[in-house]
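# Sequence first, then the predicted structure:
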Amino acid sequence: MPNGGTLEQAKSIEEMMLRELAWLWPIGALTLGAIVAVLLTMVLPRHRQGLIGAWAAGAHVTAAVLAVAVWLDRGVRAIMEQTVIVDGLSLTMTALIGISGALCIALARPALAGTEREGEFYAMLTFASLSAVMLVMAADAALLGLAIGALGLSTFVMTGYLRRSTRSNEASIKYYIFGTVSGAFMLYGLSWWFGLAGTTNLRLIGEQLQSAPQGYVIASTALVIFGLGYKAALVPFHFWTPDAYDGAPVSVAAYMSVLPKLAGLAALARVLTLALPEDTAGWATAIAVLAALTMTVGNVAALAQRNVVRLLAYSSIAQSGYLLMGVAAINGSDQGLAALVYYAMAYAAMNLGAFAVVAAVQRERRSVDIDAFKGLGRTHPWWTVVLVLSFLSLLGLPPLAGFVGKLELFKASIDAGQSWLAVVAVVNTVISLYYYLRVISPAVLDAPAEAEPGVPRTWVVRPTPIAVVLGLTAVATVAFGLAAEPLLRLAEKATMLSG
Amino acid sequence: MISLPVVLVAAGLMFAIGLYGVLGQTNTIMVMMGVELMLGAAMLNVVGFLRYSWPDATSGAFFVLILMTLMAVEAAVGFALVISAFRHSRTAEIDDMHELKG
Amino acid sequence: MSDLTPFVVLAVALVGAGCAALLEQVVSGLRVSPQAVLTSVSRTLRQPLRAPQVRDGWLYHLAPGLLLVAAVAALAFVPWAPGFRGIDLSTGAIGFAAALAYVTPAVFMAGWGAGRALTVLGAFRWLALMLAYAMPLAMVITAVAAPAGSLRPSDIVEVQHAVPMALVQPLALALWVPAALAVCFLAPFDVAHCDEELGGGVFSEYRGLDAALVALARRVLLVAVSGMTVVLFFSGWHGPLLPAAVWMVAKTAAVAAGMLWMGGRVPRMEIDRALELAWKVANPLALVAIVWAGLVTLLFYR
Amino acid sequence: MSDLATALVFWPAVAIMLVTGVYVFRTASMARAGLLLLASLGIEGLVFLALASEFLGVLQLLMMSGEMVIMVFFMVMFMPDPGGLMGMDMTHDKRRSASLAVAVGIGLAVVAVLTDWPARVVGRDAPDVRAIGFEVMGRSMLTFLFAAMTILFAMVGGVLLAKHGGRFAQIGAAGKGEA
């Protein structure tokens, strides 16, 4: 229904909504999690604030489980008068967001324990995950704009969490400026879309856009992609990424490199297929060019980095480029979306693993410079194992998850008739070899820095939450690669509903 | 006479003014003002469409409400960030921020 | 709304302001003399306009104008009798609040533009107070509008033909009164311009035409706010025997007199206590008032 | 409203809206900049009223007054030179930003004028407050609820960043556990 401005419509919609509430379980879990977290923050004493982290992580996991339950029990459909689409894509992304969000909370907990406003941080993080889920599910321009704004504001706050640190303040302000400006561009584009169709429903907008004049379509779509591209750190809109990751707490950088990015990419895929069906105005080629640019710029810029967080930031830009290959192939190939979903899962696992190692190193050695990784193998063998696994997987070495994912993306790209993009991606993979190995080799080969020669080798990984994250991500990175078959079948089922 | 293109051109100019502020100002709060103008331009677009193309499109009116919400919410978070930064470094100037390489 | 409406509204504002000035004399126990009012007006107008050394002349001289525009716009939303009203929007009640909202920037401009320590202090106090009371004010208006199912002031009057809203929603009235007193610059909330503490506060520097405009705007505000109080809570023009307009005017005069009487007798509230009251008591109570309005509407007005 | 009255409101309002918008960024006084922005966005509310969107216009007037007054307050607090007395320059990249903004403005205006917008019904009022209410309580209910969540967490986040110290800060031990 395009609009709902009469009493009869409101009544019938209300009745239908009550029946459709079951599809909203995952959203409900995160909403409840966020609100109760705020309430608990006010009630619990300081040394118990960690419980809120447990509660928030529980809400995330529950949301993931409920997403699976909804898929198995209820199936997929567009609900709430097509403002929200609960389909394979959004449910798998919800599950992914739930699990990765919980892992990020575990990663953040040791650094935050005992700080001021710890509980509020977990509440903000839960709300950010809720916004990410909303963004993935949105099929209505109003909800889309609101979700982008909400996801932005919660991540600005998390970036600025270290209030005494100039770097953190600066990072959050830069992030804020880029975020609000690109959001304004996107909302302006959405207002034009509304003018064409007389509704904010994206599918109905798509029906109108097909017959609209080219110049208008290109201009308005470019405006909308501005906002989503910034969320996913695509290349013309990527300037904020290294600064924001560098200034933010490492756990927040991990969060931002996975959740908003994947949500933004999924939303991009949904918006493009809903609003521009059938390759209107040749968007697939435009996105493919964007993908090539993104991966190239990210990889080349990463070569010069000595700060591992900045290096991972540029690496994550490059990874967005690979992921974007999936979006570009959606229209031309059936495998595009499946490859995107699979690579999203693999990327979440390996990138969180990499950031977990960085968090652990920063915690112990107070630095994230490449030199801080020297001789990691001698002192912390388990960290090094995870580091090597996740970096090699980001690089795309068989038999790890990243390899299978990239292979799928290449296949989809070629299938969609964009072989040149696959070639660009292969070249890029070769470039990225340099900087990934640049971190791995001192960690494995070198001796530790002279400052701490006598540190004994320790096989015990502390603190426990980081150990859990390290273990889970490492296992996932390997398992997703070795047992790719069932996961790929799952990804193939994660299709999009067209309203 | 007033017509849809007039409204849209006015909105486009307003958006450009906001963009001018965003690009040209050195102070975070001034940049926020530019963003407010840009969002205001988007609202003006929608209201123009409501008047001249889609008088029954309540979803557009609702979209304007969401835009107003976003304006308020983004301003609130922006102020909080400025306070946080100002308390520490006594400045809200973007040009003074060069701790990170950019 | 005809093309004559602006003139009608202006006429009502001028007449109302004059009556309010006379009412002030009554309440403060003086002999009622229109001549005294006229004399004071002409004396004020003969003063030179220029204030000594203001910091920002533009803001300083625009402020009284904006204040008057806000007051007259607020007055325009008040319906005086069936068919006799200024602007008849379907969202008039919110429009009234929107018009009043521009009193705040006007006061800020006056205080900041004058650039004296005490005027700026008064402006900041006023800002804090008005921002704190903005939320309860808007929520009270929605609560009162709920039974009518409309934000049009005349509809709100019609729904009170039997029972005035003051009896149905006493909590809403209790929340409305402080806000009404504050926006009319009356005690106990005259924190922005109190003579004893700030030596006249935000308006202390005004001379001549500016001062006259401020005085006029304050009287118009009093009329507008008391008129809207009658419309929202005391069943507007409804009443036995007498014609509608007479009832409306009589009730408005009574409310205005009551407010002036109270303003002269209640001690001034400290700004931080007033703020605490607004944020910690008035805001939560406003939510209760909305829930109560919903219950009443569902039970009795459908 | 009659056509004449509408035009009498619309044209001056649009002109003032744009002019004050430009002067926001051309004044040295921070207090003036904030109040000019209030003028620009508040008068946009009048434009909405002239375009027959009663509810949105009134709401815009109401919301912008509160929001921009707060903005003025912040400007005055956090600016090096709130009164504009020192005449300091607060801009960078003047030429480039102006030319880029002009280019974008022209581009948007050209696309807006050249596109053949569906202008079917002329002269009917925009949706009234009742219809918007049904929209909010019906089709867009979920979005509306999420907007409420967003406002709540903007408050939480604002307090997190802005309030000095934490809830548990004690006298003498302030900032001990600050991250």
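Structure received.
# ok, and the closest non-adjacent residue to the residue of chain B found nearest chain D?
Closest to chain D within chain B is B:A16: 2.7 Å, counting by CB to the nearest CB. Glycine gets a C-beta too; all of them are placed from N, C-alpha and C. Leaving aside its sequence neighbours, B:A16 sits nearest to D:G105 (CB to CB, 6 or more residues apart in numbering or on different chains; 2.7 Å).
# what helix or strand is that neighbour on?
helix D:94-114 (DSSP states H and E).
# Next: C:V225.
Judged by DSSP H and E, C:V225 forms part of helix C:208-233.
# In that helix, which residues are buried?
Going by neighbour count (16 or more other CB atoms under 10 Å in any protein chain shown), the buried part of helix C:208-233 is C:209-233.
# what's the angle from the helix or strand following it to helix C:208-233?
Counting by DSSP H and E, the next helix or strand C-terminal to helix C:208-233 is helix C:244-265. If you take axes from the mean of the first three to the mean of the last three CA atoms, to 10 degrees, helix C:244-265 sits at 110 degrees to helix C:208-233.
# what residues does helix C:244-265 touch?
C:19-20, C:23-24, C:26-28, C:80-82, C:84, C:180-181, C:184, C:186-187, C:190, C:222-223, C:225-227, C:229-230, C:234, C:236-239, C:242 (CB atoms under 8 Å, 6 or more residues apart in numbering or on different chains).
# are any of those residues buried, and which?
Of those, these count as buried by 16+ other CB under 10 Å: C:19-20, C:23-24, C:27, C:80-81, C:180-181, C:184, C:186-187, C:190, C:222-223, C:225-227, C:229-230, C:234, C:236-238.
# Now find how far off-centre the helix holding C:V225 is within its chain.
Averaging C-alpha positions (CA atoms, centre = their mean, to the nearest Å) puts helix C:208-233 6 Å from its chain's average.
# For burial, what's the neighbour tally of A:P448?
If you count neighbours by other CB atoms under 10 Å in any protein chain shown, A:P448 ends up with 19.
# Surely it forms part of a strand?
No. Read with DSSP: H, G, I helix; E, B strand; the rest coil, A:P448 is coil and lies in no strand.
# Quick check: closest non-adjacent residue to it.
Nearest one to A:P448, counting by CB to CB, 6+ apart, is A:G375 at 3.1 Å.
# Quickly note the distance from the residue of chain B closest to chain D to A:M158.
33 Å (CB to CB, to the nearest Å).
# and the nearest residue to D:G107 once chain neighbours are set aside, what is it in contact with?
Computed as CB to CB, 6+ apart, the closest residue to D:G107 that is not its neighbour in sequence is A:A219, at 7.3 Å. Going by CB under 8 Å, 6+ apart, A:A219 touches A:G189, A:W192, D:G107, D:L108, D:V111.
# do the host helix or strand of B:N45 and chain C meet at all?
If you go by DSSP H and E, B:N45 is part of helix B:28-52. No. Shown here: helix B:28-52 not in contact with chain C (CB under 8 Å from any CB of the partner chain), separated by at least 14.7 Å.
# average pLDDT for that helix?
The average of the pLDDT scores along helix B:28-52 is 93.
# what does stretch A:207-224 give?
pLDDT averaged over stretch A:207-224 gives 89.
# Send over it as CSV, restricted to the C-alpha atoms.
Below are the C-alpha coordinates for stretch A:207-224, written out as CSV (Å, rounded to 0.1, in the frame of the first residue of the first chain):
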residue,chain,number,x,y,z
GLU,A,207,8.3,0.9,-10.8
GLN,A,208,8.3,4.6,-11.5
LEU,A,209,12.0,4.9,-11.9
GLN,A,210,12.1,2.5,-14.8
SER,A,211,10.3,4.9,-17.0
ALA,A,212,11.8,8.1,-15.6
PRO,A,213,14.3,10.2,-17.6
GLN,A,214,17.9,9.1,-17.4
GLY,A,215,19.4,12.3,-16.0
TYR,A,216,17.0,12.3,-13.1
VAL,A,217,17.5,8.6,-12.3
ILE,A,218,21.3,9.0,-12.3
ALA,A,219,21.3,12.1,-10.2
SER,A,220,19.0,10.9,-7.6
THR,A,221,20.6,7.4,-7.4
ALA,A,222,24.0,9.0,-7.0
LEU,A,223,22.7,11.0,-4.1
VAL,A,224,21.3,7.9,-2.4
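# Any regions of the chain where pLDDT drops low?
Chain wasn't specified; assuming chain A. Chain A contains residues with pLDDT under 70 at A:449-456, A:499.
# meant chain D, my bad for not saying
Ranges of chain D meeting pLDDT under 70: D:1, D:79-90, D:119-125, D:165-179.
# who's in contact with residue 224?
Defaulting to chain A. Counted by CB under 8 Å, 6+ apart, A:V224 has contacts A:M186, A:G189, A:L190, A:W193, A:V271, A:A275.
# To clarify, I was referring to chain C.
Counting by CB under 8 Å, 6+ apart, C:A224 has contacts C:G16, C:A71, C:A74, C:L75, C:F77, C:V78, C:F96.
# Which ones among the residues you listed map onto strands?
Among the contacts of C:A224, no member is found in strands (DSSP state E).
# now these in a markdown table, with pLDDT?
Formatted as a markdown table, the contacts of C:A224 follow (pLDDT from 0 to 100):
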| residue | pLDDT |
| --- | --- |
| C:G16 | 88 |
| C:A71 | 94 |
| C:A74 | 93 |
| C:L75 | 92 |
| C:F77 | 92 |
| C:V78 | 91 |
| C:F96 | 93 |
